[in-house]
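sharing a model that was predicted from the sequence below.
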Amino acid sequence: MAKVTFLEAIRQAQMEEMTRDERVFIMGEDIICNVFGTTTGFVDAFGTERVRDTPISENGFIGAAAGASMVGMRPIVDATISSFLYPAMDQIMSIIAKSRYIYGGQARLPLVIRSCLFYGNSNAAQHSDRNYSMFMNVPGLKIMVPSTAYDMKGMLKAAVRDDDPVLCFEDSTCWTSKSDMPDDPDFLIPLGKGDIKREGTDLSIIAIGGGVPLALKAAATLAKEGISAEVVDPRSLVPLDKEIILRSVRKTGRAITVDPAHQSCSAGSEIAALIAEHAFDSLRGPVLRIATAETHVPFSPPIEKALYPSAERIIAAARRLVGAREAVDA
Amino acid sequence: MTDGQNDRSLEKYRRMQRIRQFEDLAEAIHAQGEIPGALHTYAGQEASGVGACMALNTEDYMVGTHRSHGHPIAKGAKLRPLMAELLGKATGICKGKGGSMHLSDFSVGSLGETSIVGSGVPVAAGAALGSKMQGNGRVALCFFGDGATNEGAFHEGLNIAAIWKLPAIFVCENNGYAVSTPASVAVPVKDIAERAKAYGMPSIIVDGQDVDAVEAAVAEAVERARTGGGPTFVETKTYRYADHAVNMGRILLDRGAEVDEWRERDPLKLYRAKLIAAGTAADLLDRIEKEVADEVADALQFARDSAYPTQEEAFDDVFVDRLPIPDFIKA
Ligand SMILES: Cc1ncc(C[n+]2csc(CCOP(=O)(O)OP(=O)(O)O)c2C)c(N)n1
């Protein structure tokens, strides 16, 4: 057991899976020079055939990953920042998500597309997307948004071994977080298994990615006020561990979702709807959504941060929900 | 020239006949409402598809387009599952989930007939990358139209294939039009093959009505690909007789006498005359035509006799594991 960071967890997962299976290879822009530190030592270990710098052409190389996976390779695409997935929407939506279905199961696309959610650091609207929920609206893509180094490693390794396409979103606000890491080369966390990050009895906070540390911070403060918050981390959005969410809400009777995406059609909205549909009887108040305000992300520091979910917003919502005798406005 | 059944020339003639007759029948029953959705026919372009595919081995990969009936037949696919797919049956090559624009038979190396124009080009580059990394000697051939060469995906795919010297062959089936837009107004170069220059890629322009010429051109490209020489661009000058899609109830573009002029150079007619001139007996060719007619009729019978997929099957193949079936579907 050694403490490693989120980025180091990514590096280890890739290193171990590329060592284990020679069909696994990695490609992306400037990965040989190793911009974020997730491919340290890779060229020495695997050579430039399996560690490929691509031209700046997201639609081209993400499509090439699709083609390579269809003929038996298992590519990991490092698409760096999730905003750069937009030029590749054609290949992601029309080819990667749909090929298996449209050809009646003849195609298999075991590929992973990694990209980070790079927000909260004055990079303006075009570099601050939190866009996993957009991809949830099309069947055929598995979607993971881990919040800890431990989950990241176990899930990324599982994603590489998965026979379906997986979009791996790496919340940059979690990059420096550290976990004790098992040494087992087969340490895997299956996609579709959520995790209770903190037990509680008064309300459930279902948080995604960078929302999880905020929820834990909020829960610690709430505990001092005598409010016991349970923090549920779905870890993957497709497949979604509905049971762990519903079980928690049935226990606590109250729910808040925390999602760094914009609120409309967010993952948090989907989870809120799920709770309303399947656990309505247990609810003692409305399901509240904490998400990013519905405006683009501005460059200027004093006005950026307040738009995102924060521990303070979670605490305020929890107090309203737990203290409420009557209906609460979201 | 021999006249045995296995003769390469006869096989080319047979495959072109299969495509033509398969589509003639499909068009007729589409008009009667037996085939749902749109039908984009390939009639006129048979020499392009067959010539190109005859230069490949069965294990070589191929990626095609919305005009998807010809490519798999050219690559050697069986007709029954293709016809069943047109009718939306469970025995269809895509289990009734792809239909006319997606007739793709993976057993003959087809990795998809994709209906998003240009989207197959990066996929073919990736298949070629896979072949190269696995060192299995396979090549990947991509068909696309003149219109597709205006898409970003086309340029990105070509660029990647060129810089990585991938064993890929890009075959532009230039039939002169994208729906109603002539290539001359949408493409600023005279020959589409000129676009390959930007990627340092050798190119060949070939008469797309001459199946032997197409085969020879693609064979040269395949040879280059297999020996590490990288990708080649092949432009086949061809023509589609029908409107963009058939039985639409409205003609999108009146091309006047141009269609008849191209029909003078019909690839099947030309090839039949060429084979006869080279000594093939006419009745041998007649017999092939008759055999193909029987095959196509058998395929339609098979398709008609087949069942539709069950409602639950709509949830198969989204992922490797079947999705849960919602209650309102089960009920
Ligand atoms: C990305 C995209 N844009 C538009 C269309 C609609 N569309 C279908 S076929 C077609 C024309 C394609 O022309 P070309 O590539 O020359 O192929 P052809 O139909 O001539 O064989 C168009 C515009 C589409 N299917 N995909």
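Nice, thanks for sending it over. Residues are numbered from 1 along each chain as shown, chains lettered A, B, ... in the order given.

count the neighbours of the nearest residue to residue B:134 once chain neighbours are set aside for me.
Using Cβ to Cβ, 6 or more residues apart in numbering or on different chains and skipping residues adjacent in sequence, the residue nearest residue B:134 is residue A:72, 6.8 Å away. Every residue, glycine included, has its C-beta placed from N, CA and C. Neighbours of residue A:72 under the rule other Cβ atoms under 10 Å in any protein chain shown: 15.

pLDDT value on residue A:72, please?
Residue A:72 carries a pLDDT value of 98.

distance check, it against residue A:9.
Distance, residue A:72 to residue A:9, using Cβ to Cβ, to the nearest Å: 27 Å.

over to residue B:154?
In terms of Cβ to Cβ, residue B:154 sits 38 Å off from residue A:9.

got a list of what residue 199 touches?
If you meant another chain, say so; for now it's chain A. residue A:230 (Cβ atoms under 8 Å, 6 or more residues apart in numbering or on different chains).

that's the wrong chain, I wanted chain B
B:158-159, B:161-162.

phi, psi of it?
phi -110, psi 10 (degrees, to the nearest 10).

report the spatially nearest residue to it, omitting neighbours in sequence.
Leaving aside its sequence neighbours, residue B:199 sits nearest to residue B:162 (Cβ to Cβ, 6+ apart; 4.0 Å).

so which helix or strand takes in that neighbour?
Using DSSP states H and E, residue B:162 maps to helix B:152-163.

just the strands in chain B please.
B:61-64, B:110-113, B:140-145, B:168-174, B:177-178, B:181-182, B:203-207, B:232-237 (DSSP state E).

with residue A:272 as the reference, measure out to the nearest residue to residue A:250 once chain neighbours are set aside.
In this structure, residue A:250 finds its nearest non-sequential neighbour in residue A:282, 4.5 Å apart by Cβ to Cβ, 6+ apart. Separation of residue A:282 from residue A:272 (Cβ to Cβ): 14 Å.

who's more crowded, these two?
Set side by side, residue A:282 and residue A:272 show more neighbours around residue A:272, with 23 against 15, by other Cβ under 10 Å.

what's near enough to touch the more buried one?
Per Cβ under 8 Å, 6+ apart, neighbours of residue A:272: A:255, A:257, A:287, A:289.

how about 6 Å then?
The contact partners of residue A:272, taken as Cβ atoms under 6 Å, 6 or more residues apart in numbering or on different chains, are A:257, A:287, A:289.

go on, residue A:294?
A:262-263.

hmm, back to that, of the contacts of residue B:199, which is the most crowded?
Within the contacts of residue B:199, residue B:161 tops the neighbour count with 32 neighbours, counted by other Cβ under 10 Å.

for that residue, give me the pLDDT.
In this model, residue B:161 carries a pLDDT of 98.

cool, residue A:36 as well?
Residue A:36 is given a pLDDT of 89.

run a quick neighbour tally on it.
Neighbours of residue A:36 (other Cβ under 10 Å): 19.

just the element for the closest residue to it other than its chain neighbours, please.
Excluding the flanking residues, the one nearest residue A:36 by Cβ to Cβ, 6+ apart is residue A:7, at 6.1 Å. Assessed by DSSP H and E, residue A:7 sits inside helix A:6-20.

picking that back up, angle of the helix holding residue B:162 against strand B:232-237?
140 degrees (axes from the mean of the first three to the mean of the last three Cα atoms, to 10 degrees).

other SSEs contacting helix B:152-163?
Contact here means 3 or more Cβ pairs under 6 Å, 6 or more residues apart in numbering or on different chains; DSSP states H and E; on that basis helix B:152-163 packs against helix A:58-70, helix B:120-134.

and the ones you listed: which comes nearest the ligand?
Set against the ligand and scored by Cβ to the nearest ligand atom, the helices and strands packed on helix B:152-163 come closest in helix B:120-134, at 10.4 Å.

show me what that closest one is packed against.
helix A:58-70, strand B:61-64, strand B:140-145, helix B:152-163, strand B:168-174.

contact partners of that helix?
Around helix B:120-134, the neighbours that count as contacts under Cβ under 6 Å, 6+ apart are A:60, A:63-64, A:66-68, A:71, A:73, A:91, A:95, B:61, B:63, B:111, B:114, B:138, B:140, B:142, B:153-154, B:157, B:160-161, B:166-168.

thinking again about what came up before, mind putting the strands of chain B in a markdown table, mean pLDDT and distance to the ligand included?
Below are those laid out as a markdown table (pLDDT from 0 to 100; distance: least, Cβ to the nearest ligand atom, whole Å):
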| stretch | mean pLDDT | distance to the ligand |
| --- | --- | --- |
| strand B:61-64 | 98 | 10 |
| strand B:110-113 | 96 | 11 |
| strand B:140-145 | 98 | 2 |
| strand B:168-174 | 98 | 6 |
| strand B:177-178 | 97 | 3 |
| strand B:181-182 | 96 | 8 |
| strand B:203-207 | 98 | 16 |
| strand B:232-237 | 98 | 11 |
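
put together TSV for those strands, with mean neighbour count and distance to residue B:87 on each row.
Formatted as TSV, the strands of chain B follow (neighbours: other Cβ atoms under 10 Å in any protein chain shown; distance: least, Cβ to Cβ, whole Å):
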stretch	mean neighbour count	distance to residue B:87
strand B:61-64	31	20
strand B:110-113	28	17
strand B:140-145	29	24
strand B:168-174	30	26
strand B:177-178	20	28
strand B:181-182	14	31
strand B:203-207	20	35
strand B:232-237	26	30
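
thinking again about what came up before, which among the contacts of residue B:199 gets closest to chain A?
residue B:159 (5.8 Å; Cβ to the nearest Cβ).

so who does the closest one touch?
Residue B:159 makes contact with A:55, B:199, according to Cβ under 6 Å, 6+ apart.

all strands of the stretch 51-200 of chain A, in order?
Applying DSSP state E, counting those that start in this stretch to the stretch 51-200 of chain A gives strands spanning A:51-53, A:74-81, A:112-117, A:142-144, A:166-171, A:178-181, A:195-198.

neighbours around residue A:29, how many?
18.

so who does it touch?
A:54, A:56.

centroid-nearest residue for chain B?
Nearest residue to the geometric centre of chain B (Cα atoms, centre = their mean): residue B:71, 2.3 Å.

residue A:104 contacts residue B:96, doesn't it?
No. Counting by Cβ atoms under 6 Å, residue A:104 stays clear of residue B:96, with 7.4 Å between them.

list phi and psi for residue A:232.
According to degrees, to the nearest 10, residue A:232 has phi -110, psi 130.

that one pairs with what?
Beta-bridge partners for residue A:232, by DSSP bridges, are residue A:196, residue A:206.

shaky segments in the chain?
Since you didn't name a chain, this refers to chain A. For chain A, applying pLDDT under 70 flags the ranges A:324-330.

that answer is for a different chain, and I need it for chain B
Applying pLDDT under 70 to chain B picks out residues B:1-6, B:331.

returning to what we had before: which one of the contacts of residue B:199 is nearest the ligand?
residue B:158 (14.7 Å).

quick check: closest non-adjacent residue to that closest one.
Distance criterion Cβ to Cβ, 6+ apart; nearest residue to residue B:158, sequence neighbours excluded, is residue B:199 at 4.8 Å.

residue A:87 versus that neighbour, what's the distance?
19 Å.

my guess is residue B:322 contacts residue B:316, does it?
Yes. If you go by Cβ under 6 Å, residue B:322 and residue B:316 touch, sitting 5.3 Å apart.

between those two, which has more neighbouring residues?
Taking other Cβ under 10 Å, residue B:322 and residue B:316 do not tie; residue B:316 has more neighbours (18 against 13).

count of neighbours near residue B:247?
When counting by other Cβ under 10 Å, one arrives at 16 neighbours for residue B:247.

cool, and the one 5 residues further on?
The tally of other residues near residue B:252 (other Cβ under 10 Å) stands at 12.

then residue B:22?
25.

that one and residue B:296 touch, don't they?
Yes. Using Cβ under 6 Å, residue B:22 is in contact with residue B:296, at 5.3 Å.

dump the helices and strands packed on helix B:120-134 to TSV, plus distance to residue A:78.
Formatted as TSV, these follow (distance: least, Cβ to Cβ, whole Å):
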stretch	distance to residue A:78
helix A:58-70	10
strand B:61-64	25
strand B:140-145	23
helix B:152-163	16
strand B:168-174	23
